[in-house]
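Asker: my questions are about this predicted structure, shown below with the sequence.
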Number of protein chains: 4
Amino acid sequence: MDDSAITHLTEATREKLRQTVAKIERLEEEKKEVAEQIKEIYAEAKAFGFDTKALRQVIKLRKIDKADRDEQEMMLETYLIALGEE
Amino acid sequence: MDDSAITHLTEATREKLRQTVAKIERLEEEKKEVAEQIKEIYAEAKAFGFDTKALRQVIKLRKIDKADRDEQEMMLETYLIALGEE
Amino acid sequence: MDDSAITHLTEATREKLRQTVAKIERLEEEKKEVAEQIKEIYAEAKAFGFDTKALRQVIKLRKIDKADRDEQEMMLETYLIALGEE
Amino acid sequence: MDDSAITHLTEATREKLRQTVAKIERLEEEKKEVAEQIKEIYAEAKAFGFDTKALRQVIKLRKIDKADRDEQEMMLETYLIALGEE
DNA sequence: GTTGATCTTATTTCTC
DNA sequence: GAGAAATAAGATCAAC
């Protein structure tokens, strides 16, 4: 960050900026960690013998379903059965 | 994933599948929440008067800088080994 | 894309489609050739005794540096406008 | 590039290294340009009224086909007809 | 309402 | 062949 560029910001504004950047970077770090945990789950599932491509499809279908349950009834039923839920 | 493929999973395997799906969905929920928090920070910053486009650039630049710094740490050593010399 | 959808395209449109597909395929072929040339350069470098892993890092670092420089050019100006100051 | 790190390379080797890096960077630039040209073709096709999603599928199918012609005969016939080729 | 930007997912590619 | 990285594709959302 180039000091000369922000010299004429008030100290309060500069402080606000610093905090904002810090918060965003911390949250992005968190997000990254969660994303890595998800990858780990998929890796474990694969090691266990699941087809991760199919697994991803299931997740996606269930996600669509949550938003759109009414229009997708047949599909819903299909994958609920697939997951062994009745 | 088709019905016939699933039907003869053992109950243990089906249980494992259920747990895997549940874990992934929970983590994706977490990730989504963090993403929303990030959006909120940007919204607040905008309300405060910051230019969010520029703010995003700052974040991005700092990320590049960090990658750059990390890489440069490895680099002196690497160059020597790397360029065919010891 | 289904048959019935295509059948009643005009000949002019079909010709346009053919040309479009041909152009894309030619360009993808070109891209593939260039990628192969890059691989060859790395292979030659390796044969010459260079450590290709390090070479790749050099290329990558220079790319980051370039992105960094480009971004920094925009940055002074951007910061000022950006951070809510004129 | 840190001079002190490569000082003890012979001038010939350094020159070779420079040329290698330059060649790779030039080729990567070329590759990038070709990729941009492909994007342009898709943009033009879209402006013309083609469904780019379908277009991408056609390209993909034809690519698979090239590698795998025998196993894909019915599919092949379908999209050859679709493209108006007999 | 359409382009543009961002973010995420998916596929491919490369290396080990 | 498996894991990581690069590239491409698709989806989403804001801005003009």
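Answerer: Great, that's in hand. Residues are numbered from 1 along each chain as shown, chains lettered A, B, ... in the order given.

Asker: hey, let's count contacts and neighbours off CA atoms from now on
Answerer: Fine.

Asker: burial measure for A:Arg62, as a count.
Answerer: 19 (other C-alpha atoms under 10 Å in any protein chain shown).

Asker: for the one 4 residues further on, same thing?
Answerer: Taking other C-alpha under 10 Å as the neighbour definition, A:Lys66 ends up with a count of 12.

Asker: what's the helix or strand for it?
Answerer: Assigned by DSSP states H and E, A:Lys66 belongs to helix A:52-68.

Asker: which secondary structure elements does that helix contact?
Answerer: helix A:11-48, helix A:73-82, helix B:11-48 (3 or more C-alpha pairs under 8 Å, 6 or more residues apart in numbering or on different chains; DSSP states H and E).

Asker: same thing but at 6 Å, please
Answerer: On a contact count with 3 or more C-alpha pairs under 6 Å, 6 or more residues apart in numbering or on different chains; DSSP states H and E, helix A:52-68 meets no helix or strand.

Asker: hmm, that helix in reach of DNA strand F?
Answerer: No - Helix A:52-68 lies out of reach of DNA strand F by C-alpha under 7 Å from any atom of the strand, never closer than 8.1 Å.

Asker: okay, that helix in CSV with CA atoms only?
Answerer: The C-alpha trace of helix A:52-68 is given here as CSV (Å, rounded to 0.1, in the frame of the first residue of the first chain):
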residue,chain,number,x,y,z
THR,A,52,-17.2,-38.5,-6.4
LYS,A,53,-18.7,-37.3,-9.7
ALA,A,54,-22.0,-38.9,-8.8
LEU,A,55,-21.7,-37.6,-5.3
ARG,A,56,-21.3,-34.1,-6.6
GLN,A,57,-24.4,-34.6,-8.7
VAL,A,58,-26.4,-35.7,-5.7
ILE,A,59,-25.3,-32.6,-3.7
LYS,A,60,-26.2,-30.4,-6.6
LEU,A,61,-29.6,-32.0,-7.1
ARG,A,62,-30.4,-31.6,-3.4
LYS,A,63,-29.3,-28.0,-3.6
ILE,A,64,-31.6,-27.3,-6.5
ASP,A,65,-34.3,-29.2,-4.8
LYS,A,66,-34.1,-27.0,-1.7
ALA,A,67,-34.9,-23.9,-3.7
ASP,A,68,-37.3,-25.5,-6.1
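
Asker: next, the buried residues of it.
Answerer: A:52, A:55, A:58-59, A:61-62, A:65 (16 or more other C-alpha atoms under 10 Å in any protein chain shown).

Asker: tell me, how many residues neighbour A:Leu27?
Answerer: Neighbour count for A:Leu27, taken as other C-alpha under 10 Å: 19.

Asker: then A:Phe48?
Answerer: A:Phe48 has 12 nearby residues by other C-alpha under 10 Å.

Asker: distance of it relative to chain B?
Answerer: A:Phe48 sits 9 Å away from chain B, going by C-alpha to the nearest C-alpha, to the nearest Å.

Asker: now swap in A:Thr10 and tell me
Answerer: Per C-alpha to the nearest C-alpha, A:Thr10 is found 13 Å from chain B.

Asker: phi, psi of that residue?
Answerer: Backbone geometry at A:Thr10, expressed as degrees, to the nearest 10, gives phi -70, psi 160.

Asker: A:Phe50 too?
Answerer: According to degrees, to the nearest 10, A:Phe50 has phi -80, psi 150.
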